[in-house]
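A.B. asks: after the sequence you'll find the predicted model.
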Amino acid sequence: MRNAPLRLQLASRAVCTLVQPPLPLWYNDHYQVSLPSTSSFPMEKYRYIREALQRELEAAGKATFHESPLASIEDLTTVH
């Protein structure tokens with residue numbers, strides 16, 4: 001199912017249809033941190049969640065998924 005267009009009824013009784021483009025989502029689940037096997041947040045869980053969302057949302061035309069680039073030192077020092 002594609003995104004349903006939004007329909008607006010204007011005061012003049014004209015109808016305006018708006019189509020919402022897919023939401024761009026950025027991810028980076030390729031880097032892992034070693035955590036104890038008893039951790040509540042195993043790293044692979046995040047990849048599984050992203051894969052499930054990606055299958056569902058891309059198929060429905062609601063989102064596009066993009067691998068995020070690594071941040072440069074300049075990027076990090078600018079925002080922190």
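C.D. replies: Sure, I can see it.
A.B. asks: can you give the distance of the helix or strand harbouring residue 45 from its chain's centre?
C.D. replies: Take DSSP states H and E as the rule and residue 45 turns out to sit in helix 43-59. Put simply, helix 43-59 sits 10 Å off its chain's centre (C-alpha atoms, centre = their mean, to the nearest Å).
A.B. asks: pLDDT on stretch 49-68, on average?
C.D. replies: The average of the pLDDT scores along stretch 49-68 is 95.
A.B. asks: got the buried residues for that stretch?
C.D. replies: Buried residues in stretch 49-68, counted by 16 or more other C-beta atoms under 10 Å: 57, 62, 63, 65. Every C-beta, even on glycine, is put in place using the N, C-alpha and C of the backbone.
A.B. asks: between the residues you listed, which is nearest residue 20?
C.D. replies: residue 62 (8.5 Å; C-beta to C-beta).
A.B. asks: if we can go back for a sec, what is the orientation angle of the helix or strand that comes right after the helix holding residue 45 with helix 43-59?
C.D. replies: Going down the chain from helix 43-59, the next helix or strand is strand 63-67, by DSSP H and E. In terms of direction (axes from the mean of the first three to the mean of the last three C-alpha atoms, to 10 degrees), strand 63-67 departs from helix 43-59 by 140 degrees.
A.B. asks: I'd like the next helix or strand past strand 63-67.
C.D. replies: That would be, after strand 63-67 and using DSSP H and E, helix 73-79.
A.B. asks: and for that following helix, what are the contacting residues?
C.D. replies: Taking contacts as C-beta atoms under 8 Å, 6 or more residues apart in numbering, no residue outside helix 73-79 touches it.
A.B. asks: give me the buried positions along that helix.
C.D. replies: Under 16+ other C-beta under 10 Å, helix 73-79 has no buried positions.
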